[in-house]
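Chemist: need a 3D model of the following:
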Amino acid sequence: MSDIHGMYDSYKRMLSKVGFSEDDTLYILGDTIDRGTEGLKILLDMSARSNVYHLVGNHEYVACAILPWLMQEITEQNTDENVLMDRLSIIEAWMKDGGNPTIEEFSKLSQEQREYVVDYINDMTVYEEVNVAGKNYLLTHAGLDNFQIGRALDDYALGDFIYTSPKLSDHFFDDKLLIVGHTPTPYYYAMLNGTHQGEPKIFRTDSFIDIDCGCAYGGKLACLCLDTMEEFYV
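Modeler: Next comes the predicted model:
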């Protein structure tokens, strides 16, 4: 799954729909928080499950910088006017990008829960390589920018994984398939069809699969089963 964006009911309905159990492994490709009102509630649920692996998205990346500020006591050092102005500017930009619900939800948590959430976000990985049914997959939030054949994954910058989506013409690996979120799939379908709005369903090419179907924008939450390549929607 990817880009759940605070839609807790959709998340829980999807777990029920796919019959998620302890025998399964679930990868979340980032952006569970922001836009919707219950992103942290979802993170707390995921963190309690040993078989759920959450990759960092651009929204978690911003949050892991800002949320610790909201837990700090006011001191002479952090009330410096320049520091405050810089932080307020970053927080304002995050709020405009959907962060306000996360800030409000964070303020209602206990101090222990706040620290736990920050630690959970900081422990998120940037990418995962998995082999399922004899096929290799690279899972990231947005894509793999500045791609070069033969370049080691650890040599890429964080931003290469969380900000830039694949182009329709991009070709990545011959021996593995890239699976991403970040860009709502109606964008790709609209490009192909020459329309203003495309379908909220999983988008596939020979080189990558996008599973962000825009659930926070009136689309759907998607889940792709790598064992069977079956698609699920709520």
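Chemist: okay, strands next: where are they in the chain?
Modeler: 26-28, 52-54, 127-132, 135-140, 177-180, 203-204, 208-210, 222-224, 231-233 (DSSP state E).
Chemist: any idea which of those gets closest to His171?
Modeler: His171 sits nearest to strand 208-210 of all those, at 9.0 Å, using Cβ to Cβ. C-betas here are computed from N, CA, C, even on glycine.
Chemist: how about the helices in the chain?
Modeler: In the chain, the helices defined using DSSP state H lie at 8-17, 39-47, 58-71, 81-94, 100-107, 111-122, 158-162, 186-193.
Chemist: tabulate those helices (CSV), appending mean pLDDT, distance to Val130 and mean neighbour count.
Modeler: CSV is the format used below for the helices of the chain (pLDDT from 0 to 100; distance: least, Cβ to Cβ, whole Å; neighbours: other Cβ atoms under 10 Å):
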stretch, mean pLDDT, distance to Val130, mean neighbour count
helix 8-17, 98, 19, 17
helix 39-47, 98, 17, 21
helix 58-71, 95, 20, 18
helix 81-94, 84, 31, 12
helix 100-107, 97, 28, 18
helix 111-122, 97, 21, 15
helix 158-162, 98, 15, 19
helix 186-193, 94, 23, 16
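Chemist: correct me if wrong: His5 contacts Ile33.
Modeler: Yes: counting by Cβ atoms under 8 Å, His5 touches Ile33, with 7.2 Å between them.
Chemist: identify the contacts common to the two.
Modeler: 39, 59 (Cβ atoms under 8 Å, 6 or more residues apart in numbering).
Chemist: centre-most residue in this protein?
Modeler: Nearest residue to the geometric centre of the chain (Cα atoms, centre = their mean): Gly30, 1.5 Å.
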